[in-house]
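Peer 1: okay, predicted coordinates and the sequence, questions at the end:
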Amino acid sequence: MVNRVKSTNDLELKDRLVAINRVTKVTKGGRTFSFAAIVVVGNEDGIIGWGLGKAGEVTTAIAKGVEAAKKNLIKVPIHKGTIPHEQVAKFGGAQVFLKPATHGTGVKAGGAMRAVLESVGVTDVLAKSKGSSNPHNLVKATIVALSELRNPLMVAQNRGISVEKVFKG
């Protein structure tokens, strides 16, 4: 139930570099270095995307990552600066747990998860990563968790009841 964003023309997307990995290939002529950059883009108002760019230079890898991130944007429901409900997600060896927090708590998350949550526009959340600390898998697991979030209106429509009954029942 992923809410894909169709057009990126009217969005003010900000990019954040999550991690750079230097890869070495040993050849007959010596060592050849290349770089892989994982980048997160978001408008800090509920839209987020991630991308991976690989190139011989760092700046080129980052630019490729930003272009790739703009191609797979999703819409995330944010309610008063936090997420609507708790969510657990897993990708590869990384498992993430997201929990809504009251106003003023801040983003209690580490490294790769913090970059994703700040880019999407969440200001108050409690987050925990379990398992692998690989930034690639952490970013992907966090995006999966955010994409599985549902707002109260969606829940009410799926159940065929009013929004007030969602909170009472």
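Peer 2: The structure has been received and is ready for your questions.

Peer 1: low-confidence regions, this protein specifically.
Peer 2: Applying pLDDT under 70 to the chain flags the ranges 1-2, 6-10, 167-169.

Peer 1: for Ser147, see how far away Ala37 is.
Peer 2: Look at Ala37 and Ser147: by CB to CB, to the nearest Å, they are 22 Å apart. To be clear about C-beta, it is placed using only N, CA and C from the backbone, and glycine gets the same treatment.

Peer 1: so these two - more neighbours on which side?
Peer 2: Ala37 (24 against 17; other CB atoms under 10 Å).

Peer 1: looking at this, the more buried one is in a strand?
Peer 2: Yes. Using DSSP: H, G, I helix; E, B strand; the rest coil, the assignment for Ala37 is a strand.

Peer 1: and the closest residue to it other than its chain neighbours, how many neighbours?
Peer 2: Excluding the flanking residues, the one nearest Ala37 by CB to CB, 6 or more residues apart in numbering is Ala61, at 4.1 Å. By the other CB under 10 Å criterion, the neighbourhood of Ala61 contains 24 residues.

Peer 1: so Ala61 touches Gly53, yeah?
Peer 2: Yes. Between Ala61 and Gly53 there is a contact at 4.4 Å, judged by CB atoms under 8 Å.

Peer 1: okay, and the common contacts of these two?
Peer 2: Ala36, Ala37 (CB atoms under 8 Å, 6 or more residues apart in numbering).

Peer 1: show me what contacts Lys128?
Peer 2: Val96, Phe97.

Peer 1: now do the SS call for it.
Peer 2: Judged by three-state DSSP, the three-state class of Lys128 is strand.

Peer 1: which residues does it bridge with?
Peer 2: Per DSSP bridges, the residues bridged to Lys128 are Phe97.
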